[in-house]
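Colleague: Please work out how this folds:
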Amino acid sequence: MATHVFWDWNGTLCDDVLLALEAVNEMLRKRSRTPITLADYYSYIGIPIRRFYEHVFDLNEVPMEVISVEYNTYYDAHLREDCLMPGARETLSVLRDAGVKQYILTSSHKESVLPTVKKLGLLPFFDAVLGADDWHVQSKEDRARSFCEANGLWGESLWFVGDMLHDRDTANACGGSCLLIPGGHQSEEALRGAGNCFCPSIAEVPARICMNAGK
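Modeller: Predicted structure coming up:
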């Protein structure tokens, strides 16, 4: 039975993949470059995010510092007020009522996530929002492992729910279990390739992490 669930934010709880794609394409159009498709986005995506942008720009001409500012400016200006994934609030409620501790674990800067979490009224669901201290969108593995070690957490009762294979790697770094949900920043085909980690929808998360165990 799950005791702690670590939720990814972008593409898992926050429905923002098309916004991310459009932010990238806005930067490309600004430079008279051809926009990319969602299929392109899925084929390029990776963590750290620099790997993605190496496919899109010459980073000697457009450095990551410039990309980060432009991307976040567009993203913040166009993020929908109703950006929460369908079924997310109900699932968070089920887990909270079952006594499961929940966290947001994101590669994004904490200050870019926290205002939206508060605006959506989600903060009471979480024991902590574990965001990055920079804007580089790098691996979550070390931060997750450090948090778990500091709090005496380890093992299969820790669940990591996300939309990218990197979330599985993060779960493995903590000895935890993982569910990967489609509709986010990595293709469904890639997630299905992860075998038992694949979960068709966020509404199915409570059943998959054995919420009925011991009742």
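
Colleague: ranges for the helices of this protein?
Modeller: 17-30, 38-44, 50-56, 64-78, 88-97, 110-119, 141-150, 165-173, 188-192, 205-208 (DSSP state H).

Colleague: Which stretch among those is buried most, on average?
Modeller: Sort the helices of the chain by mean neighbour count, taking mean count of other C-beta atoms under 10 Å, and helix 165-173 sits at the top with a mean of 21. Just so you know, the C-beta spots here come from the backbone N, C-alpha and C atoms, and that holds for glycine as well.

Colleague: quick check, distance from that one to the centre of its chain.
Modeller: Averaged C-alpha coordinates place helix 165-173 at 12 Å from its chain's average position (C-alpha atoms, centre = their mean, to the nearest Å).

Colleague: How about stretch 172-179?
Modeller: Distance of stretch 172-179 from its chain centroid, counting by C-alpha atoms, centre = their mean, is 15 Å.

Colleague: Could I get the buried residue list for that stretch?
Modeller: Across stretch 172-179, burial judged by 16 or more other C-beta atoms under 10 Å covers 173-174, 176-179.

Colleague: okay, how far is it across it, tip to tip?
Modeller: Its first and final residues considered, stretch 172-179 spans 12 Å by C-alpha to C-alpha, to the nearest Å.

Colleague: Begin at 43 from now on, thanks
Modeller: Got it, the first residue is 43 from now on, which makes the last one we talked about stretch 214-221.

Colleague: I'd like the average pLDDT over it.
Modeller: Mean pLDDT, computed over stretch 214-221, is 96.

Colleague: What of stretch 115-126?
Modeller: For stretch 115-126, the mean per-residue pLDDT is 96.

Colleague: Which elements pack onto the strand of greatest length in the chain?
Modeller: The strand that spans the most residues within the chain, counting by DSSP state E, is strand 143-151. Where contact means 3 or more C-beta pairs under 8 Å, 6 or more residues apart in numbering; DSSP states H and E, strand 143-151 is packed against strand 46-49, helix 130-139, helix 152-161, strand 170-174, helix 183-192.

Colleague: Within its sheet, name the partner strands of the first one and how each one runs.
Modeller: The strands that strand 46-49 pairs with in its sheet are strand 143-151 (parallel), strand 200-204 (parallel) (by DSSP bridges).

Colleague: if we can go back for a sec, ok, residues contacting the longest strand of the chain?
Modeller: By C-beta atoms under 8 Å, 6 or more residues apart in numbering, the residues outside strand 143-151 that reach it are 45-52, 55, 89, 91, 134, 137-138, 155, 159, 167-177, 179-182, 185-186, 189, 202, 208, 212.

Colleague: I'd like to know which of those are buried.
Modeller: Counted by 16+ other C-beta under 10 Å, these give 46-52, 55, 89, 91, 134, 137, 155, 159, 167-168, 171-174, 177, 179, 181-182, 185-186, 189, 202, 208, 212 as buried.

Colleague: could you give the angle of the longest strand of the chain to helix 130-139?
Modeller: 130 degrees (axes from the mean of the first three to the mean of the last three C-alpha atoms, to 10 degrees).
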